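K.L.:
following is a predicted model, sequence given first.
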Amino acid sequence: MNLYEIIHPVYKWPDDETLHVFETFAGVGAQAKSLERLNVSHVITGISEIDKDAILSYAAIHCGLNDKVDSYVFPERETMIRALQEMDVGFDFKNDRHTITEKTRPAILKKYYLANILSGNLGNISHIHAADLPEVDLLTYSFPCQDLSKAGRMKGMDKNDHTRSGLLWEIERILEEAQRLDRLPKLLLMENVPEVVGTRNRHNFMSWFYKLETLGYQSFFKIVDAADHGIPQHRERCFMISILGEYSYRFPAGRKLHIQMKDLLEEKVDIRYFQTYRSVCNFLTSHKEKEIGAQPTLDKGAMPEKMEVVRIRQNQPKNSIICINSFLKNGSRVSQTNRILDSEGIAVTLTTGYTGYYLVSDERVSEKYISSHHVEKITLEGRELGVINGRLVRRLTPLEAFRLMGFDDQDVEEMRKAGVSEVQLIRQAGNSIVVDVLEALLGQLFNKKGESWNKI
């Protein structure tokens with residue numbers, strides 16, 4: 001115990017009270033999943049989300065969508081479309097158009113509508129006011145990271161710049177309204193990429209930090225790696241816990257990693273996930289103006305400014321991740337969409353690109369799939385790029401991707417039953433939060449350890 005904790009006691013949620021939770025930027029509901037694992041008495045009073053397929057997944061995992069859709073009495077088709085459009089569910093802001101229209105198939109429209117109802121979705125965060133919110137004890141806000149991350153264009157999160165990451169300030173507006181109504185949540189949970197506290201964004205982050213202080217919150221933030229909390233993925237994220245009142249918070253200690261990436265892989269994988277010789281050649285040809293490199297595991301996904309072309313040899317260390325990365329000539333942007341992962345060790349951070357995660361497989365499926373038994377090297381403008389001897393290359397399956405995010409296999413099964421596509425499943429996994437990390441962080445508020453600790 002330090003001096004701060006003597007003055008400010010460590011916060012603990014009362015055991016006999018039910019926690020009321022509202023998830024903004026909810027995604028597939030990683031926060032809800034972690035509270036279920038912690039066996040905390042709680043109720044999700046609502047969410048804010050506009051991604052129609054994420055809402056579908058959320059309702060499939062947490063609200064029993066698949067068991068209820070056949071017996072639900074739906075309103076007229078036009079009523080459902082209008083209700084979803086008014087909340088901006090499925091709205092394509094890039095092209096300024098609705099994607100849920102009269103052309104949407106009746107069966108999927110009904111699922112979108114019911115998923116919206118079951119999840120208590122209020123839609124676009126910009127249209128929500130504090131007076132609209134149900135009872136809230138814990139407000140979570142994992143606001144978009146696209147304009148903060150290295151994988152994005154790093155536009156930042158300045159106020160009034162209309163960036164996706166600038167949606168943070170909608171949370172500020174809602175909390176200011178809640179203060180005037182004397183309805184401030186007792187707890188706040190923020191999650192975002194480490195760049196949220198980086199040089200480019202630190203002034204905005206500290207402005208937000210001090211704003212929370214004026215609202216009466218004590219806030220505690222830290223960059224946490226999923227690999228330190230039971231998941232074999234180097235995924236660093238910045239978390240901030242804010243507590244209303246004069247309290248302190250202790251971030252949990254990490255724990256030893258007991259599993260490797262290979263422990264999360266499916267035993268039998270459909271042939272469509274394996275990459276053909278032609279597909280690898282096409283990838284290299286399409287990137288002929290860029291440099292190709294290999295990256296070791298222990299770099300935790302950090303990219304050097306420039307990497308020379310290397311050969312991937314047969315004696316590549318087993319504890320490394322072989323990573324094909326694309327670099328623009330001026331070095332201003334790094335593409336994370338094409339990576340090769342080794343099953344021994346720890347995965348690099350999952351992002352949202354569907355075509356990007358290639359796993360070096362120990363099995364052979366067909367002679368037409370690439371390995372050095374069939375091609376010793378690939379030449380790109382005179383540069384020789386070897387392939388791993390005796391190994392095959394394949395994409396991660398959605399099930400494997402969600403396992404790397406701490407979700408259960410049953411969750412993926414429910415999402416598939418709801419009609420969520422493979423492409424969307426991979427994207428949703430990359431957009432989510434590692435459940436085991438949330439278990440550890442939220443567990444500190446309840447003096448509990450989640451199910452993941454029982455797996456050790």
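P.N.:
Arrived safely, thanks for sending.
K.L.:
going forward, measure contacts between C-alpha atoms and count neighbours the same way
P.N.:
Will do.
K.L.:
just the helices in this protein please.
P.N.:
Assigned by DSSP state H, the chain shows helices spanning 3-7, 30-38, 52-62, 65-68, 77-86, 106-118, 168-180, 202-214, 277-286, 398-403, 409-417, 422-431, 435-446, 451-454.
K.L.:
who touches stretch 36-50?
P.N.:
Stretch 36-50 is touched from outside by 17-27, 32, 35, 55, 87-91, 119-125, 133-136, 439, 443, 446, 448-452, with contacts defined as Cα atoms under 8 Å, 6 or more residues apart in numbering.
K.L.:
may I see the helices of the chain organised as JSON lines, with distance to residue 189 added?
P.N.:
Formatted as JSON lines, the helices of the chain follow (distance: least, Cα to Cα, whole Å):
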{"stretch": "helix 3-7", "distance to residue 189": "20"}
{"stretch": "helix 30-38", "distance to residue 189": "9"}
{"stretch": "helix 52-62", "distance to residue 189": "19"}
{"stretch": "helix 65-68", "distance to residue 189": "27"}
{"stretch": "helix 77-86", "distance to residue 189": "27"}
{"stretch": "helix 106-118", "distance to residue 189": "23"}
{"stretch": "helix 168-180", "distance to residue 189": "12"}
{"stretch": "helix 202-214", "distance to residue 189": "12"}
{"stretch": "helix 277-286", "distance to residue 189": "40"}
{"stretch": "helix 398-403", "distance to residue 189": "22"}
{"stretch": "helix 409-417", "distance to residue 189": "23"}
{"stretch": "helix 422-431", "distance to residue 189": "17"}
{"stretch": "helix 435-446", "distance to residue 189": "9"}
{"stretch": "helix 451-454", "distance to residue 189": "20"}
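K.L.:
re the thing from before, buried ones among the contacts of stretch 36-50?
P.N.:
The neighbour-count test (16 or more other Cα atoms under 10 Å) marks 19-27, 32, 35, 55, 87-91, 119-125, 133, 135-136, 439, 443, 446, 449-450, 452 as buried among the contacts of stretch 36-50.
K.L.:
just the ones of those in strands?
P.N.:
Residues of those located in strands (DSSP state E): 19-24, 91.
K.L.:
closest one of these to residue 169?
P.N.:
Among these, residue 24 lies closest to residue 169 (Cα to Cα), at 12.6 Å.
K.L.:
excluding residues flanking it in the chain, which one is nearest that closest one?
P.N.:
Take residue 24 and drop its neighbours on the chain: the residue closest to it by Cα to Cα, 6 or more residues apart in numbering is residue 48, 4.5 Å away.
K.L.:
now swap in residue 409 and tell me
P.N.:
Distance criterion Cα to Cα, 6+ apart; nearest residue to residue 409, sequence neighbours excluded, is residue 399 at 6.6 Å.
K.L.:
list the contacts for the closest residue to residue 426 other than its chain neighbours?
P.N.:
Distances taken as Cα to Cα, 6+ apart place residue 398 nearest to residue 426, at 5.4 Å, with adjacent residues excluded. Applying Cα under 8 Å, 6+ apart to residue 398 gives the contacts 412, 422, 425-426, 429.
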